[in-house]
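> here's my sequence, what's the structure:
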Amino acid sequence: MKTLVSAVAMILTTAPAFAHISVLEHEHPHGISWLPDTAALLMAAVMVGAGAVLFALSRRARK
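Numbering: from 1, shown residues only. Model prediction:
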């Protein structure tokens, strides 16, 4: 439970730093793209990879 609370707190505090330009008010002559950019995909891959490593380490520590 403590891990879940820490993860939610981290997401809530760091998410504004990674705000994509599409969520800010601006003129967009050709419509809004809902596709993530390369940086967002890379950040997602890093987060998933870190989670997988931490999960594997926690499973190993329990044995």
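> any chance you could map the strands in this structure?
Using DSSP state E, no strands are found in the chain.
> may I ask which helix or strand of this structure has the lowest mean pLDDT?
For the chain, using mean pLDDT, DSSP states H and E, the weakest element among its helices and strands is helix 2-14, scoring a mean of 78.
> kindly export that helix (C-alpha atoms) in PDB.
Output of helix 2-14 as PDB, limited to C-alpha atoms (Å, rounded to 0.1, in the frame of the first residue of the first chain):
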ATOM      1  CA  LYS A   2       2.900   2.400   0.800                       C
ATOM      2  CA  THR A   3       4.300   1.700  -2.600                       C
ATOM      3  CA  LEU A   4       1.000   2.500  -4.300                       C
ATOM      4  CA  VAL A   5       0.700   5.800  -2.400                       C
ATOM      5  CA  SER A   6       4.300   6.700  -3.300                       C
ATOM      6  CA  ALA A   7       3.700   6.000  -7.000                       C
ATOM      7  CA  VAL A   8       0.500   8.000  -7.100                       C
ATOM      8  CA  ALA A   9       2.200  10.900  -5.300                       C
ATOM      9  CA  MET A  10       5.100  10.800  -7.700                       C
ATOM     10  CA  ILE A  11       2.800  10.800 -10.700                       C
ATOM     11  CA  LEU A  12       0.800  13.700  -9.400                       C
ATOM     12  CA  THR A  13       3.800  15.800  -8.600                       C
ATOM     13  CA  THR A  14       5.800  15.100 -11.800                       C
END
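> elements contacting it?
Counting contacts by 3 or more CB pairs under 8 Å, 6 or more residues apart in numbering; DSSP states H and E, helix 2-14 packs against no other helix or strand. (Each C-beta comes from the backbone N, C-alpha and C, glycine too.)
> and that helix, what's buried?
Across helix 2-14, burial judged by 16 or more other CB atoms under 10 Å covers no residue at all.
> what angle separates the longest helix anywhere in the chain from helix 2-14?
In the chain, with assignment by DSSP state H, the single longest helix is helix 38-62. Here helix 38-62 runs at an angle of 160 degrees relative to helix 2-14 (axes from the mean of the first three to the mean of the last three CA atoms, to 10 degrees).
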